[in-house]
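# Sequence first, predicted coordinates after that:
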Amino acid sequence: MTRNTTDCTKRIPARSARVKIALAVLLILTTLSAAACSPKPKPVELADSDLKARAETLITLLSDSEDMSADVVEMFSSQMARSVPTETVKELWPGLVSQFGEYKGQRSVSVTGEAGYKTVYVTCAFETGNVNCKVVFDKAGLVAGLWIVPIESETSEYTPPEYADARSFTETQVTIGQGEWQLPGLLAVPEGDGPFPAVVLVHGSGPNDMDETIGPNKPFKDLAGGLASQGIAVLRYEKRTYEHQARMTQLTPSITVHEETIEDAALAVSLLRSDACIDPDRVFVLGHSLGGMLSPRIAAESQPAGLVMLAANARSLPDLVEEQLNYLATVDGTVSAEEASQIASVKAACDKIRAGQLEKSEVVLGAGSAYWADLMAYDPVAMAQSMELPMLILQGERDYQVTMTDFGLWQESLKDSSDRTFKSYPTRNHLFIAGTGKSVPAEYEVPGHVDEEVVDDIAQWIKNQ
């Protein structure tokens, strides 16, 4: 851990955090990710120009109006082909078009080295914005990984919310954990004399940066600035599947939520307790979405002073995936043949997960069998019921990713427990940003901020504990 924790008065302001954007296209999980550990091919050092050409060909095949999915799979490594079958490939481009509008073509291509693999970024233009198609190649020049990464608009530079007063706190760089999985983070500490209450921010599903960036929106940066302005220290950090994406992808079949989320969150709690400026008895965990659902498990490993759960699902992820897909397919009042096919395919995958019928090395909906087995064995509501721990559970009523159904389950199940506080916000979406009408993915591309009322409610609750 790199930060000096013995002196609360001397701080070195952090350099600007690296801007990285990773928005999952398919519902909760990453669009496509497959293990980059294909069988040992005969090493072939391909020129960057060859890899660029292969990546461009891959995107051309994916975007072709004809069904070229079989040709795409022919470019995959054997492990990638097993993890991402033809039917899944067939659904990728229609899903992108449904979210980002009409495809306008390839704009640029670049190649870089990441964790021992050659990675090509093909920038593709759509009606509502650009996305990077990130193609990872193994040493044989076969596709070993594929991600879809939306690009933040150059005109949508982040502007802090009015409730965040940068003069009232200082941010310093910290490191979560040690060794190969260490993670960069930022600790916002209020001005004045400590020790201060503090909170760790835990991300939702998919690879997330420390700000939980989605398009032009940075809800964790909003929360950090808003809470620190009210006298609460805030620690946020890059998620492991984001900072170490290539290496984590290699381990996809064996990864569980412990490696993805829980272990690092517990280490973050420990880091805060070791800081001289932090009250070790008033360290809280704030989890959003999947992070909220996992908060009881994080608490079991780290013993925080309390939990703040934002848009935390009480139901299983397969149930939510199906519900989200049906919502998005019907929100315009019609269901196309392509949408119906996608719904049927995802339902079959979810049924297989629920039935526990995944093979040991099988990857479904972007996660391996170990991940799904771990999640399906976990009952967040039951674990929360067993804990004598203050909990603040908040929900946006316009949220289509985690809905009021989940909020109602939390309320009903925990109504007889002490120190449980519930509140929902009529106009807020999954990011707790205000809006009107039915919430849709395009809403996340509109700049906004976590609502000030939400920040105030969290701050007041923490101060009262």
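Right, received. Where do you want to start?

# mind listing the strands for the chain?
For the chain, the strands defined by DSSP state E occupy 103-114, 117-126, 129-137, 143-150, 169-176, 183-190, 196-202, 233-237, 278-288, 306-310, 363-364, 367-368, 391-396, 420-425.

# got TSV for the ones you listed, with distance to Gly437, mean neighbour count and mean pLDDT too?
For the C-beta atoms, the positions are set from N, CA and C on the backbone; glycine is no exception. Output for the strands of the chain, formatted as TSV (distance: least, Cβ to Cβ, whole Å; neighbours: other Cβ atoms under 10 Å; pLDDT from 0 to 100):
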stretch	distance to Gly437	mean neighbour count	mean pLDDT
strand 103-114	26	14	86
strand 117-126	22	20	88
strand 129-137	21	22	86
strand 143-150	22	25	81
strand 169-176	35	20	96
strand 183-190	34	23	97
strand 196-202	29	28	98
strand 233-237	31	28	98
strand 278-288	23	22	98
strand 306-310	22	27	98
strand 363-364	33	24	83
strand 367-368	32	26	86
strand 391-396	14	24	98
strand 420-425	15	16	97
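
# want to throw those into CSV with distance to Asp332?
Below are the strands of the chain laid out as CSV (distance: least, Cβ to Cβ, whole Å):
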stretch, distance to Asp332
strand 103-114, 19
strand 117-126, 18
strand 129-137, 20
strand 143-150, 21
strand 169-176, 42
strand 183-190, 40
strand 196-202, 33
strand 233-237, 36
strand 278-288, 27
strand 306-310, 28
strand 363-364, 27
strand 367-368, 29
strand 391-396, 21
strand 420-425, 25
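
# Can you give me the pLDDT of Ala370?
The per-residue pLDDT reported for Ala370 equals 92.

# Isn't it up against Val257?
No - counting by Cβ atoms under 8 Å, Ala370 stays clear of Val257, with 9.8 Å between them.

# who's more crowded, the two?
Counted by other Cβ atoms under 10 Å, Ala370 and Val257 do not tie: Val257 has more neighbours, with 23 against 20.

# which residues does that one contact?
Counting by Cβ atoms under 8 Å, 6 or more residues apart in numbering, Val257 makes contact with 290, 294, 297, 371, 374-375, 378.

# Take those and keep only those in helices.
Judged by DSSP state H, helices contain the following of the contacts of Val257: 290, 297, 371, 374-375.

# out of the residues you listed, what pair is the most spread apart?
Greatest spatial distance among those (Cβ to Cβ): Arg297 and Tyr371, at 13.8 Å.

# Can you tell me how far the closest residue to Glu359 other than its chain neighbours is from Val257?
Among residues not flanking Glu359 along the chain, Ser369 sits closest, at 6.5 Å (Cβ to Cβ, 6 or more residues apart in numbering). According to Cβ to Cβ, to the nearest Å, Ser369 stands 13 Å off from Val257.

# Redo the contacts of Val257 as CSV? Include neighbour count and distance to Ala164.
Formatted as CSV, those follow (neighbours: other Cβ atoms under 10 Å; distance: Cβ to Cβ, whole Å):
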residue, neighbour count, distance to Ala164
Leu290, 26, 25
Leu294, 26, 27
Arg297, 20, 30
Tyr371, 26, 35
Asp374, 19, 36
Leu375, 19, 34
Tyr378, 16, 34
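
# Kindly indicate which of the residues you listed lies nearest Pro161.
Distances from Pro161 to the contacts of Val257, taken as Cβ to Cβ, are shortest for Leu290 (24.3 Å).

# nearest residue to Gly291 other than its sequence neighbours?
With Cβ to Cβ, 6+ apart as the criterion, Gly291 has its nearest non-adjacent residue at 3.4 Å, and that residue is Val202.

# go on, Trp461?
Take Trp461 and drop its neighbours on the chain: the residue closest to it by Cβ to Cβ, 6+ apart is Leu392, 4.7 Å away.

# wait, what's in contact with that neighbour?
So Leu392 contacts 306-309, 421, 423, 457-458, 461 (Cβ under 8 Å, 6+ apart).

# okay if I get the residues you listed as a markdown table plus distance to Val73?
Output for the contacts of Leu392, formatted as a markdown table (distance: Cβ to Cβ, whole Å):
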| residue | distance to Val73 |
| --- | --- |
| Gly306 | 48 |
| Leu307 | 43 |
| Val308 | 44 |
| Met309 | 40 |
| Thr421 | 50 |
| Lys423 | 48 |
| Asp457 | 49 |
| Ile458 | 46 |
| Trp461 | 50 |
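
# from these, which is closest to Leu235?
Within the contacts of Leu392, the smallest distance to Leu235 is 13.4 Å, found for Val308 (Cβ to Cβ).

# partner residues bridging the closest residue to the closest one other than its chain neighbours?
Counting by Cβ to Cβ, 6+ apart, Val308 lies nearest to Leu286, which is 4.0 Å off, once chain neighbours are set aside. Here Leu286 sits in beta bridges with Leu201, Val308, as judged by DSSP bridges.

# and Leu286, how far is that from Ser229?
Here the criterion is Cβ to Cβ. By it, Leu286 lies 16 Å from Ser229.

# do Asp416 as well
As for Asp416, its distance to Ser229 is 36 Å (criterion: Cβ to Cβ).

# do the same with Ala166
8 Å.

# Okay, now the unreliable bits of this protein?
Along the chain, the parts satisfying pLDDT under 70 run over 1-45, 114-116, 150-156.

# biggest helix in it by residues?
The longest helix of the chain (DSSP H) is helix 337-354.

# Same list, the contacts of Val257, but as a markdown table with distance to Val346 please.
A markdown table is the format used below for the contacts of Val257 (distance: Cβ to Cβ, whole Å):
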| residue | distance to Val346 |
| --- | --- |
| Leu290 | 18 |
| Leu294 | 23 |
| Arg297 | 26 |
| Tyr371 | 17 |
| Asp374 | 20 |
| Leu375 | 16 |
| Tyr378 | 21 |
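
# Specify the beta-bridge partners of the closest residue to Gly396 other than its chain neighbours.
Of all residues not flanking Gly396 in the chain, Arg428 sits nearest, at 3.3 Å (Cβ to Cβ, 6+ apart). Arg428 has the following beta-bridge partners by DSSP bridges: Ala434.

# contacting residues for Arg428?
396-399, 434-435, 451, 454.

# Looking at these, which one is closest to Leu267?
Nearest to Leu267 among the contacts of Arg428: Val454, at 26.6 Å, using Cβ to Cβ.

# Contacts only, for the closest one.
By Cβ under 8 Å, 6+ apart, Val454 lies in contact with 310, 394, 425, 428, 432.

# what's the spacing between the residue lying closest to the third one once chain neighbours are set aside and Arg54?
The one in question is Tyr425. Nearest residue to Tyr425 in three dimensions, chain neighbours excluded: Gly396, at 5.4 Å (Cβ to Cβ, 6+ apart). With distances taken as Cβ to Cβ, Gly396 is found 43 Å from Arg54.

# Then Pro318?
From Pro318 to Arg54 the distance is 34 Å (Cβ to Cβ).
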